[in-house]
Each structure stands twice: as structure tokens, then as C-alpha cells.
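>>> sequence and predicted structure, then a few things I'm wondering about:
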Amino acid sequence: MENLTTRGRATRLGATALGLVLLLIGTFWGSDDDFPFGPFRMYSTSNPPNAPAPDTRVEGVNSTGAVIDLDQDATGIRRAEIEGQQQRYAADPALLAEVADAYAERHPDAAALVEVRIVIRWHGIRAGRPTGRHTDETVVRWQASR
């Protein structure tokens, strides 16, 4: 095993100190975008023990009236991408037409989608345990022009 030179030791200590400083700054003033030096809220927070737990999904209604689950397999769009842009969709529901287009591209022989909606299923929680009850809330809806 070789001994480190003074310069090598100083370089390693400097890199370690820089990493620690970035970690501290990110911890106190960072956001998810700063990961791994900032907190990743998904793992660093929890909901209150009696607050309902949200489960977001995207669903569509086709021209026959059938409800279709528009998950990643159906559209190629990850749920996290939808959740991350939910405020954008709420401000302009017409953007959900892109989800309908992605579905049509992957399923050219399927009946056309006439509606796409973002639905949050709120699972009941009591004392940190699921109650088995839930309610669905449609937070954004786009309907195709007829």
C-alpha cells in the first residue's frame, strides 16, 4: 500500500469538504431537482397519520363509452410525468390531447378516445393504516371536439 502525498491528501480532503458543504446546502435550501445533494421529498417526508393517501391515474373514455387505463404501457407516458405536470394540465386541459394521441399511436386499431382525465383516488387512512375506503376525484378533464 502506498502512502498518499501531501497534495493527494489535500485533494481528497478538499473534495470531501466540498461534498459535505453541497450536502448541507442542499439539505436546508435544496429541492428535488438538486438530488443527490438536495432532499428527495418522496423519501424524506410522510403524510399525517390520518390524512388520505393520493393515488393518481390517467384514464380515457373511448367512442364506445369504455373506460381505458392510460398507464405507461398504453401511452408510453410515465405516471410521474403526468403528476409532475398536473398543474400545467389543470391550467390547460387541452394538453391532455397529447395523451390521447400517444394512445392512438400505440393502438391504431382501437376506438378513438373522446375524453382523457386525471383522477386522484384518495385512500382512507386512520392511525397510519388503510381503512379500505376510497373516493375518486377527477382533477382535470379534456374532451375531444365532436
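Yep, it's here.

>>> could you look up the SS state of the closest residue to residue 69 other than its chain neighbours?
Setting aside the residues directly before and after it, residue 69 is nearest to residue 59 in space (CB to CB, 6 or more residues apart in numbering), at 5.8 Å. (C-beta placed from N, C-alpha, C; glycine too.) Following DSSP: H, G, I helix; E, B strand; the rest coil, the label given to residue 59 is strand.

>>> ok, now which ones touch residue 59?
By CB atoms under 8 Å, 6 or more residues apart in numbering, the contact set of residue 59 is 67, 68, 69, 70, 116, 117, 119.

>>> same question for residue 75.
Residue 75 touches 58, 99, 102, 103, 106, counting by CB under 8 Å, 6+ apart.

>>> dump stretch 128-143 to PDB, restricted to CA.
Extracted C-alpha coordinates of stretch 128-143, given in PDB (Å, rounded to 0.1, in the frame of the first residue of the first chain):
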ATOM      1  CA  GLY A 128     -51.400   5.300   9.700                       C
ATOM      2  CA  ARG A 129     -53.300   2.200   8.500                       C
ATOM      3  CA  PRO A 130     -55.500   1.900   5.400                       C
ATOM      4  CA  THR A 131     -59.300   1.900   6.100                       C
ATOM      5  CA  GLY A 132     -60.200   0.100   2.900                       C
ATOM      6  CA  ARG A 133     -62.300   3.100   1.800                       C
ATOM      7  CA  HIS A 134     -61.600   5.500  -1.000                       C
ATOM      8  CA  THR A 135     -63.000   8.300  -3.000                       C
ATOM      9  CA  ASP A 136     -62.200   9.300  -6.600                       C
ATOM     10  CA  GLU A 137     -61.700  13.000  -7.600                       C
ATOM     11  CA  THR A 138     -61.400  14.000 -11.300                       C
ATOM     12  CA  VAL A 139     -59.000  16.900 -11.200                       C
ATOM     13  CA  VAL A 140     -58.500  17.600 -14.900                       C
ATOM     14  CA  ARG A 141     -60.800  16.600 -17.900                       C
ATOM     15  CA  TRP A 142     -60.300  17.000 -21.600                       C
ATOM     16  CA  GLN A 143     -63.000  16.200 -24.100                       C
END
